[in-house]
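K.L.:
I'd like to go over a predicted model; first the sequence, then the structure.
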Amino acid sequence: MKDWNHDLVHALSEKNDALWRYRNHYKGASKDCSSCSLLWTSLEQDDEKHVNMLADEIKRHIAENRFD
């Protein structure tokens, strides 16, 4: 696999892991701190955008037969 494709997949995996942690641990653990809750929600929204961007780029590489 070419480095740039590996990097895309790796970044997508990291962002998905972060989303899981925000949703299943961090947000619940910080429920008594409104500023922390807002922080985790904001980071979650940013990472959701990043996941979509990365997935779209991977799809583009596949469609262009450049995912090798």
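P.N.:
That came through, no problem.

K.L.:
Who are the contact partners of the residue nearest to A55 when sequence neighbours are not counted?
P.N.:
The shortest distance from A55 to any non-neighbouring residue, by CB to CB, 6 or more residues apart in numbering, is to L12 (6.4 Å). For the C-beta atoms, the positions are set from N, CA and C on the backbone; glycine is no exception. Contacts for L12 were tallied using CB atoms under 8 Å, 6 or more residues apart in numbering; they are 51, 54-55, 58.

K.L.:
neighbour-wise, which of the residues you listed leads?
P.N.:
Counting neighbours by other CB atoms under 10 Å, L54 comes out on top of those with 20 neighbours.

K.L.:
Before we move on, what's the pLDDT of the closest residue to it other than its chain neighbours?
P.N.:
Spatial nearest neighbour of L54, chain neighbours left out: L12 (4.3 Å); criterion: CB to CB, 6+ apart. L12 carries a pLDDT score of 98 in this model.

K.L.:
ok, now W20?
P.N.:
Among the per-residue scores, W20 shows a pLDDT of 98.

K.L.:
how many other residues sit next to it?
P.N.:
When neighbours are counted by other CB under 10 Å, W20 comes out with 11.

K.L.:
From F67, how far off is the most centrally placed residue in the chain?
P.N.:
By CA atoms, centre = their mean, the mean C-alpha position of the chain lies nearest to K15, the distance being 2.5 Å. In this view, K15 and F67 are 18 Å apart by CB to CB, to the nearest Å.

K.L.:
Many thanks, I have nothing further to ask.
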